[in-house]
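Peer 1: Predicted structure and sequence below. I'll ask about it afterward.
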Amino acid sequence: MLTTPALNNGPHERSVATHPSGYLDDLESHAIFVIREVAAECKRPAILFSGGKDSAVVLHLAEKAFHPQPVLLPVLHVDTGRNFPETIRFRDEEVAARRLDLRVAPVNDPGTHAGPAISPNRLQSPTLLRAVTAYGFDACLGGARRDEDKARAKERVISVRDRRGRWDPSRQRAELWELYNCQVSDGEHLRVFPISDWTELDVWHYIHREGIRLPSIYFAHRRPVLRRDGLLLAVSDWVQPQPGETAEKLLVRFRTVGDATTTGAVESAAANPEQVIQELTTSAVSERGATRGDDRFSDAAMEDRKREGYF
Amino acid sequence: MLRIAAIGAVDDGKSTLIGRLLHDAGSLTEDQVRGLQGASAPGHRDGLNLSFVTDGLRAERQQGITIDVAYRYALTPNHKLVLADCPGHLEYTRNTATGASTADRALVVVDATRGLREQTRRHLAIAMVLGVRDLVVAVNKMDLVAWDRDVYTRLAAEIGQLAEGMGGASLIAVPVSAARGDQVVRRTSAAPWYGGPTLLEALDRAATDPKTSGTGPRLPVQMVAVGPDGYFCVGRLSGGTLRRDDEVVILPGGSHSRVLALDGPSGPIEVARPGMSLRVRLAGCPAVTRGDVIAHPGSAPRLWSTALTTVCWLTGPPARAGSQFQIKHLTLTSRAEVLSVAAVLDMNSLRMVPAAEVAANSIGLVRWRFDRPLAADPYAHSRATGAFIALAPGTRTTVGAGMISAFQ
């Protein structure tokens, strides 16, 4: 019987100690199964790697899926050129440690396009598509999760994109049981999301349990930030105080990792995964709501980007 | 983890009910709730359009309908609930089938003011054909019939009868108002005659897992590779447990071997349980390839060259005698031909009637011939090993779903 109508409003109600870890094992085995199906059925699959926590988890799962062989799939980073240096350092360390075949696809000349009204993440779609075509990838494994966004909540685990990389929700395939249909017709390719059913909290529990390394900006640190449009933006080469703005040095961390001009920080003292989990169980704001300026342009911002070929 | 497919007719309030459930259970964050306000909600009592929790696509919000399955998550006292909000419209059968195929339990939403509709019957039939035998019925909009106990009792009985006619199911019916929130998460005084669980309590109670079945272990081989310790194969176990040193048979070939070593996702193990992704080394290097199934010799699945199946036809041209498809069963992709169509399900009576073809959005009885024999179990014994999908030759899209019948 329930004792409280507000199930997750109490502090520490879902502490590390009481997490029902049985289902983490199920999520893990399912994701490994998906990765192996794609590796077996697709001709030239790749892993999308942003340096963020979700792609770090996918990489970790891929390592388990192929063990004791190394991860032989190429790893693709669509680089807006405006990453946090910690992210790039982390990417390069991972590539060296795991001996990955990294391909970097730079977004063309972001400076000329990125005004305040256009999301620089939007520019990633054509770059991703050019890389998919140039390298001949027929499937791209990514770390997107259905709980991130209402349009993502609608996407299949195996998602067919047309020759222009576009997602058409009205033409999605049936996806029954775990019989994943990895076949495409000419010119189409697949986006594959092995951690579709993981929540942000699941991801952190898994990171904690497996000891997965992450860029340092996921944990509390002091840095100068600006308050702009309800976001805490880090001062960087690309984000400088405008007239009327002053930089403050705050104890912050990032909940997602993306382009430095649109990814906001949250005030936090969480210094390790366990503390992040404690913080998330009491957080009143969603991951993207807190930190992603790119999803605020319209109510259907993610849907629009996905229709254009976004991850 | 408990998977629930929410089904019912369009406009009966499925999406609003799921929105209410997540909202009142505290599973929505403040910014998500703000998004429901911004989405504007004429007629909604508390100014929130709760259906927008799952109706995430622009077309859905504009038309006020659900087009595709949305997945939402809630942590409850007993489970991580995965809620699949399935569309009610006729032409979206493929999406309802998608949501129901992995569901442990169905949430059947009916409108107290309108009663059972053809779409409700159709989607209930799809869910039950796909093996969902655990139903929670939400009799919604009870506030609009003044919480009339007779309406609730009659609708619960009608659905009970339908389920009985399709092989039976466990059923709990809860009178609710999604718009007002009565009996969804909060027990209110609206229906003093009702002493049963709230909707969330009914959804959260323990379920028997239909995915782990009455079969022995089955390991469909995904890949064969070579490591420093020799050849190994990988796959995800279903049905029963597999142990190191077990004698096994490799199907369809039939050669015998023994499990030399067993690795789970985190390293060597002695016993593997269903659902685990495994790496298995077999004694004596037997021939094994992707598509093979490893099982215990004493409880191995049958090999089927032909089979009578229930099919759920999803899209494209109808299935009729002579139609050929590529099929995927476990990890085996091969070809199959429809030998004959025996019947289709009449959606009004929910009885099988003679027919020559099974059209999209229909359920039928079809006999197939498989180019390669399938190591399969009747679907009633195992959802994992008793199912296959059919692919269209040109577009490679999934057009049909087959379930092997226990009666041949």
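Peer 2: On my side now, so go ahead. Numbering: from 1, shown residues only, chains lettered A, B, ... in the order given.

Peer 1: show me what contacts A:L280?
Peer 2: Residues counted as contacts of A:L280 (Cβ atoms under 8 Å, 6 or more residues apart in numbering or on different chains) are A:E200, A:L201, A:W204. C-beta: built from backbone N, CA, C; applies to glycine.

Peer 1: The residue lying closest to B:M142 once chain neighbours are set aside and A:Q172: what is the separation?
Peer 2: By the measure of Cβ to Cβ, 6 or more residues apart in numbering or on different chains, the closest residue to B:M142 outside its immediate chain neighbours is B:P175, 4.6 Å from it. B:P175 sits 34 Å away from A:Q172, going by Cβ to Cβ, to the nearest Å.

Peer 1: So these two - more neighbours on which side?
Peer 2: Set side by side, B:P175 and A:Q172 show more neighbours around B:P175, with 29 against 21, by other Cβ atoms under 10 Å in any protein chain shown.

Peer 1: For chain A, just list every one of the helices.
Peer 2: In chain A, the segments counted as helices under DSSP state H are A:22-41, A:53-66, A:85-98, A:110-113, A:124-135, A:200-210, A:273-281, A:287-291, A:301-307.

Peer 1: CA atoms of the second one as PDB?
Peer 2: Okay, so that is helix A:53-66. Presented in PDB, the C-alpha positions along helix A:53-66 are these (Å, rounded to 0.1, in the frame of the first residue of the first chain):
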ATOM      1  CA  LYS A  53      27.700  10.500 -19.600                       C
ATOM      2  CA  ASP A  54      25.200   8.600 -21.800                       C
ATOM      3  CA  SER A  55      27.700   7.900 -24.600                       C
ATOM      4  CA  ALA A  56      30.300   6.900 -21.900                       C
ATOM      5  CA  VAL A  57      27.700   4.400 -20.700                       C
ATOM      6  CA  VAL A  58      27.100   3.100 -24.300                       C
ATOM      7  CA  LEU A  59      30.800   2.800 -24.800                       C
ATOM      8  CA  HIS A  60      31.100   0.800 -21.600                       C
ATOM      9  CA  LEU A  61      28.300  -1.500 -22.700                       C
ATOM     10  CA  ALA A  62      29.900  -1.900 -26.100                       C
ATOM     11  CA  GLU A  63      33.100  -3.000 -24.400                       C
ATOM     12  CA  LYS A  64      31.100  -5.600 -22.500                       C
ATOM     13  CA  ALA A  65      29.300  -6.700 -25.600                       C
ATOM     14  CA  PHE A  66      32.500  -7.400 -27.500                       C
END
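
Peer 1: quick one, it and helix A:200-210 angle?
Peer 2: Put simply, helix A:53-66 runs at 50 degrees to helix A:200-210, going by axes from the mean of the first three to the mean of the last three Cα atoms, to 10 degrees.

Peer 1: contact partners of helix A:53-66?
Peer 2: Helix A:53-66 is contacted from outside by A:28, A:31-32, A:35-36, A:39, A:47-49, A:70-73, A:75, A:94, A:98, A:100, A:141-145, A:194-195, A:198, A:203-204, A:206-207, A:210, A:212-214, A:218, A:256-257, B:234, B:265-266, B:277, using Cβ under 8 Å, 6+ apart.

Peer 1: rewinding a little: relative to A:A151, tell me which of the helices of chain A wins on proximity.
Peer 2: Across the helices of chain A, A:A151 has its closest neighbour in helix A:301-307 (3.8 Å, Cβ to Cβ).

Peer 1: Mind listing the residues bridging to A:H77?
Peer 2: Assessed by DSSP bridges, A:H77 has beta-bridge partners A:V104.

Peer 1: which residues touch it?
Peer 2: Contacts for A:H77 (Cβ under 8 Å, 6+ apart) come out as A:L48, A:F49, A:S50, A:G51, A:R91, A:L102, A:R103, A:V104, A:A105.

Peer 1: any chance of these in JSON lines, with pLDDT too?
Peer 2: Output for these, formatted as JSON lines (pLDDT from 0 to 100):
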{"residue": "A:L48", "pLDDT": "93"}
{"residue": "A:F49", "pLDDT": "92"}
{"residue": "A:S50", "pLDDT": "88"}
{"residue": "A:G51", "pLDDT": "89"}
{"residue": "A:R91", "pLDDT": "93"}
{"residue": "A:L102", "pLDDT": "93"}
{"residue": "A:R103", "pLDDT": "91"}
{"residue": "A:V104", "pLDDT": "89"}
{"residue": "A:A105", "pLDDT": "86"}
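
Peer 1: Chain B: helices as residue ranges?
Peer 2: In chain B, the helices defined using DSSP H lie at B:14-24, B:30-38, B:58-63, B:93-101, B:118-129, B:149-165, B:199-204.

Peer 1: any idea which helix or strand of the chain has the worst average confidence?
Peer 2: All of this is about chain A. helix A:110-113 (a mean of 46; mean pLDDT, DSSP states H and E).

Peer 1: hmm, I had chain B in mind actually
Peer 2: For chain B, counting by mean pLDDT, DSSP H and E, that's helix B:58-63 with a mean of 66.

Peer 1: Get me the contact residues on the stretch 101-250 of chain B for chain A.
Peer 2: B:101-102, B:130, B:185-186, B:198, B:200-201, B:204, B:222-223, B:225, B:227-229, B:234-236 (Cβ under 8 Å from any Cβ of the partner chain).

Peer 1: of those residues, buried ones?
Peer 2: B:101-102, B:130, B:185-186, B:198, B:200-201, B:204, B:222-223, B:234-236 (16 or more other Cβ atoms under 10 Å in any protein chain shown).

Peer 1: Beta-bridge partners for A:V160, please?
Peer 2: For A:V160, the beta-bridge partners are A:L190 (DSSP bridges).

Peer 1: try B:W313
Peer 2: On the basis of DSSP bridges, B:W313 is bridged to B:S362, B:G400.

Peer 1: can you check B:G227 too?
Peer 2: Here B:G227, judged by DSSP bridges, has bridge partners B:G230.

Peer 1: low pLDDT regions in chain B?
Peer 2: Counting by pLDDT under 70, the ranges of chain B that qualify are B:34-48, B:52-67, B:88-92, B:208-213.

Peer 1: in it, which residue is closest to the centre?
Peer 2: When Cα atoms, centre = their mean is applied to chain B, the residue found nearest the centroid is B:S101 (2.1 Å).

Peer 1: now that one: how far from B:R396?
Peer 2: Using Cβ to Cβ, we find B:S101 at a distance of 19 Å from B:R396.
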